[in-house]
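In: no sequence on hand, only this structure:
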């Protein structure tokens, strides 16, 4: 496999790995109320290579699952839609975190 | 700074030129068309908020002109592709295949119609009115079958092609100039004047020459006239005149004050008036449908005029056409209602 192909595949696989953790990251970061672009910048600052066309629809999907609440705030400079985690989201995050830690331990053993 | 007009967005300090705002609204309108109806207003509002957030971050305290707005929108990508990411339900034909579907549909329908027309007119030197009517019914049936066949093929393709983005290079390349024009919502001045002139002609024909509406057949004995409207239908004609007159009058404000054309209130007024007219049309259509073909048309006269070939199907065609018009009117009314309802500007 040439280097270019390897780099391309590696990038793809890393993206796949991150994708699985997105839900958890979003739920965790939304323990405080945030609007979409604010969350996007925060996530990208933390190392997630996210684009707006991935995050915004994802927020909708999580909201549809009943894990987030959203509201339009109009007393800021411009109307913005803010998202925050709700009770179901907190429960889900806790379960996912538990599972994630278990998987991380398993993987650590396998990779030894 | 090319544009003179500018306005602030929702009270923010950020200035955005009218042209840049118009470009943004065109983008949102294009994305809105492909979004789920239930969430359309909310999602487009959030996309608008996102675009303004990006602009504010990149060019704080600087006026956002058309060029800057264009660069942000190009980055967001084709509106239909962006909208598709919000869809959770599977689509029969997705946004990647839709342009090819439309292209194939246009080619097949054009070729079918042209080939069929050529073969029909080369087949015989002269044709009776009945043969022409039968030909059009046959052509309609062929086109309908072709559309159905292509649709099924694309629905299957939608499910079996794994990476449609690569399959369809047409869709990934898009030009910001292709965004729908917002002005199209309201007819131009020339169209309004033409509409009013034709409305006046329509009212005159319906009121003065109603008894001359029919089939004119030119034969060896000269011209023969077959009236087609029943006396009952003739009594209903003032209702049609009224409809035409009201339709023309609703457009008058756009001639008197052209500046309302692009304003929100102008668009609101236009949509509301068109919804009122649609309700009027629905009433008339239901009235005619309930009474049936025999109360509207002197069916026997069609036979006498040489239209025997369509005679056995006349009742079905009549009902079919009316139901189709009724369906389209209801669809138009629903569409306008959805345009009006989400106008929750804060």
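Out: Noted; the coordinates are in hand. Nothing here was measured: the structure is a model prediction, and the numbers come from that model.
In: surely residue A:35 meets residue A:83?
Out: Yes: counting by C-beta atoms under 8 Å, residue A:35 touches residue A:83, with 7.3 Å between them. In this view, the C-beta of every residue, glycine as well, is placed from N, C-alpha and C.
In: what's the overlap in contacts for the two?
Out: By C-beta atoms under 8 Å, 6 or more residues apart in numbering or on different chains, residue A:35 and residue A:83 have no common neighbours.
In: for chain B, what are the nearby residues on chain A?
Out: A:35-37, A:52-54, A:56-57, A:60-61, A:64, A:72, A:74, A:77-81 (C-beta under 8 Å from any C-beta of the partner chain).
In: which of those residues count as buried?
Out: A:35-37, A:52-54, A:56-57, A:60, A:78-81 (16 or more other C-beta atoms under 10 Å in any protein chain shown).
In: for residue B:282, give me its contacts.
Out: Contacts of residue B:282 by C-beta under 8 Å, 6+ apart are B:326, B:329, B:330, B:333.
In: buried ones in the worst-scoring helix or strand of chain A on mean pLDDT?
Out: Lowest on mean pLDDT, DSSP states H and E among the helices and strands of chain A sits helix A:3-29, with a mean of 87. Within helix A:3-29, the residues that qualify as buried are A:22, A:23, A:25, A:26, A:27, A:29, counting by 16+ other C-beta under 10 Å.
In: and if you look at stretch B:48-66?
Out: Quick answer for stretch B:48-66 (16+ other C-beta under 10 Å): B:48, B:49, B:50, B:51, B:52, B:53, B:54, B:55, B:56, B:64, B:65, B:66.
In: now, which of these sits nearest chain A?
Out: Ranked by distance to chain A (C-beta to the nearest C-beta), the buried residues of stretch B:48-66 are led by residue B:53 at 3.9 Å.
In: what helix or strand is that closest one located in?
Out: Assigned by DSSP states H and E, residue B:53 falls within helix B:40-58.
In: and residue A:82, by the same measure?
Out: Assigned by DSSP H and E, residue A:82 falls in strand A:80-85.
In: what does that strand contact?
Out: Contacts for strand A:80-85 (C-beta under 8 Å, 6+ apart): A:27, A:30-36, A:39, A:59, A:63, A:67-73, A:93, B:42, B:45-46, B:49, B:53.
In: rounded mean pLDDT for the helix or strand just after it, please.
Out: Using DSSP H and E, the helix or strand that follows strand A:80-85 in sequence is helix A:87-111. For helix A:87-111, mean pLDDT is 94.
In: if I take helix A:87-111 and strand A:80-85, what angle do their directions form?
Out: 60 degrees (axes from the mean of the first three to the mean of the last three C-alpha atoms, to 10 degrees).
In: and the angle from the least confident helix or strand of chain A to helix A:87-111?
Out: Interaxial angle, helix A:3-29 versus helix A:87-111 (the same axes, to 10 degrees): 140 degrees.
In: list the helices and strands helix A:3-29 packs on?
Out: helix A:36-45, helix A:52-64, helix A:87-111 (3 or more C-beta pairs under 8 Å, 6 or more residues apart in numbering or on different chains; DSSP states H and E).
In: re the thing from before, with the buried residues of helix A:3-29 in mind, which one is nearest to residue B:77?
Out: residue A:22 (19.7 Å; C-beta to C-beta).
In: surely the closest one and residue A:49 touch.
Out: No: Residue A:22 is not in contact with residue A:49 according to C-beta under 8 Å; the separation is 11.2 Å.
In: need the contact list for residue B:112.
Out: B:139, B:142, B:143, B:146.
In: which one of those is nearest to residue B:154?
Out: When the contacts of residue B:112 are compared for distance to residue B:154 (C-beta to C-beta), residue B:146 wins out at 12.6 Å.
In: isn't that closest one up against residue B:108?
Out: Yes: judged on C-beta under 8 Å, residue B:146 makes contact with residue B:108 at a distance of 5.2 Å.
In: how is chain B carved up into domains?
Out: With domains defined by automatic domain parsing, chain B comprises B:6-84, B:98-160, B:182-340.
In: now render those domains as JSON lines, adding mean pLDDT.
Out: JSON lines is the format used below for the domains of chain B (pLDDT from 0 to 100):
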{"stretch": "domain B:6-84", "mean pLDDT": "84"}
{"stretch": "domain B:98-160", "mean pLDDT": "79"}
{"stretch": "domain B:182-340", "mean pLDDT": "77"}
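In: make a markdown table out of those and add distance to residue A:7.
Out: Output for these, formatted as a markdown table (distance: least, C-beta to C-beta, whole Å):
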| stretch | distance to residue A:7 |
| --- | --- |
| domain B:6-84 | 24 |
| domain B:98-160 | 30 |
| domain B:182-340 | 44 |
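In: and residue B:251, backbone torsions?
Out: Dihedral pair for residue B:251: phi -90, psi -10, per degrees, to the nearest 10.
In: skipping its backbone neighbours, what lies nearest it in space?
Out: residue B:192 (4.6 Å; C-beta to C-beta, 6 or more residues apart in numbering or on different chains).
In: what comes up buried for the host helix or strand of that neighbour?
Out: For residue B:192, the host element (DSSP H and E) is helix B:189-208. Using 16+ other C-beta under 10 Å as the test for burial, helix B:189-208 gives B:192, B:196, B:199, B:202, B:203, B:206.
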